[in-house]
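S.K.: Predicted model and sequence follow; I will ask about them next.
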Amino acid sequence: MKNQVIGIDISKATLDYCVLNEENVQVKARGVLDNQQQAIEKWLSDFDTTNTVFALEHTGHYGTTLLNNLSKKGYIFYLINPLELKKSLGIQRGKSDAKDAYRIAEYTITNKHKLSPYQLPGKHLSKLKALVRARERYVKMSVQVQNSLKANEILHRSIDVSMLIREEKKQYKSLQRSIESIENEMRKLIEADQDLKNSYKKVTAVIGVGPVIAIKCIAETDNFVKFDNPRKFSCYCGLAPFPYQSGSSVRGKTKTHFLRDKSLKAILTKGAITAIQHDPQLKAYYNRKVKDGKHHMSVINAVANKLVLRIFAVAKREQPFVKLVA
């Protein structure tokens, strides 16, 4: 850890910052600057890369300009999960951007032993992540329009809503074209980057893993760099079960945690169902567990975990996936 830590609270228009001394956690400076390229560049010129680290919450697009400048100028910086920060603070009274900047810096000093400097992904990977998020939004909208269309077709039996049906059919077709265009762009990006192309080829060879699952896993793991082992990724997806017990009286069910990436869990669950149908080994495993009395969805979750293990196995080594018999 350097001798001064700067916590930054990001908003759309401004950046509130607080500079703390790492040794005694005393405030050295506070301030506010515009969240604009020119203002950020001028402000960063006052700090030396050898004795300063920065910490900020993950706030999506609002922090992009700051992150790019920190990375370009070679500063060490940490990207903190907002929920993790909130849970760690305990009882707090009041809230302001200035207080949040201080709390971010204080959290960084207190938890320096478990923080790792953040590395911005490459341009191709960054664009791929943006496309993945956009596709998910369009898919959700498509499902909503499709459900509304079905409801209006039923309503049309008694009330003339033909105009609504025509408009929703147009919307649905437009959304499908947009989804197709995004998927084509994702394929082009993967073809243009050799590392992404290699990972995609290896991962899609796993039975049950199609293009959507492969691209989503590549994007969420920063091409299998962000997570160093599959267990952590399973926790992130909400696939890893945890015990619930205390002393001798509390013996709860072992279950997955509610904090998870729901979109990842959903597509990996679908992949597990496909894998059971086409992979002899996983099919035999599923039938055996169900016969032993395990709940259907519990076994599906276990199969999804096995998919994650296989995905990481082929992504981290040069050997291709080999289909095994039951």
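M.R.: Nice, I can see it. All values reported here derive from a predicted model rather than from experimental measurement.
S.K.: How many neighbouring residues does residue 107 have?
M.R.: The tally of other residues near residue 107 (other C-beta atoms under 10 Å) stands at 21. Heads up, the C-betas are built off the backbone N, CA and C, glycines and all.
S.K.: What are the neighbouring residues in contact with residue 108?
M.R.: For residue 108, the contact set (C-beta atoms under 8 Å, 6 or more residues apart in numbering) comprises 5, 7, 53, 55, 78, 80, 115.
S.K.: and the third one, what are its phi and psi?
M.R.: In this entry, residue 53 is assigned phi and psi values of phi -130, psi 150 (degrees, to the nearest 10).
S.K.: residues touching it, list them.
M.R.: Residue 53 neighbours (C-beta under 8 Å, 6+ apart): 1-2, 4-6, 75-78, 108, 117.
S.K.: and it, what are its bridge partners?
M.R.: Beta-bridge partners recorded for residue 53 (DSSP bridges): residue 5, residue 76.
S.K.: Just the buried ones out of the contacts of residue 53, please.
M.R.: Buried by 16 or more other C-beta atoms under 10 Å: 2, 4-6, 75, 77-78, 108, out of these.
S.K.: Could you dump these into TSV with distance to residue 295 and pLDDT added?
M.R.: Output for the buried ones among the contacts of residue 53, formatted as TSV (distance: C-beta to C-beta, whole Å; pLDDT from 0 to 100):
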residue	distance to residue 295	pLDDT
2	51	63
4	53	92
5	48	94
6	50	94
75	50	93
77	44	93
78	40	92
108	42	92
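S.K.: Point out where the stretch 151-300 of the chain drops to low pLDDT.
M.R.: Applying pLDDT under 70 to the stretch 151-300 of the chain flags residues 248, 250, 252, 255, 257, 259.
S.K.: okay, now residue 231: neighbour count?
M.R.: Residues near residue 231, counting by other C-beta under 10 Å, number 15.
S.K.: ok, it - contacts?
M.R.: Per C-beta under 8 Å, 6+ apart, neighbours of residue 231: residue 240.
S.K.: Adding distance to residue 31, write the contacts of residue 53 out as CSV.
M.R.: Compiled in CSV, these are given as follows (distance: C-beta to C-beta, whole Å):
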residue, distance to residue 31
1, 22
2, 19
4, 14
5, 15
6, 10
75, 17
76, 20
77, 18
78, 20
108, 18
117, 24
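S.K.: from the residues you listed, which is closest to residue 236?
M.R.: Nearest to residue 236 among those: residue 78, at 18.2 Å, using C-beta to C-beta.
S.K.: Is the closest one in a helix, a strand, or coil?
M.R.: Of the three states, residue 78 takes strand according to DSSP: H, G, I helix; E, B strand; the rest coil.
S.K.: What separation do you get for it and residue 247?
M.R.: Counting by C-beta to C-beta, to the nearest Å, the gap from residue 78 to residue 247 is 37 Å.
S.K.: Show the contacting residues for the residue nearest the centre of the chain.
M.R.: Central residue of the chain (C-alpha atoms, centre = their mean): residue 220, 4.9 Å from the mean position. Contact analysis of residue 220 by C-beta under 8 Å, 6+ apart lists 129, 226, 236, 261, 264.
S.K.: can I assume residue 183 is in contact with residue 135?
M.R.: Yes. At 6.8 Å, residue 183 counts as touching residue 135 under the criterion of C-beta atoms under 8 Å.
S.K.: Quick one: the helices in this protein, in order.
M.R.: For the chain, the helices defined by DSSP state H occupy 37-44, 64-73, 82-88, 97-110, 123-155, 162-192, 194-203, 211-220, 230-237, 262-278, 280-291, 296-316.
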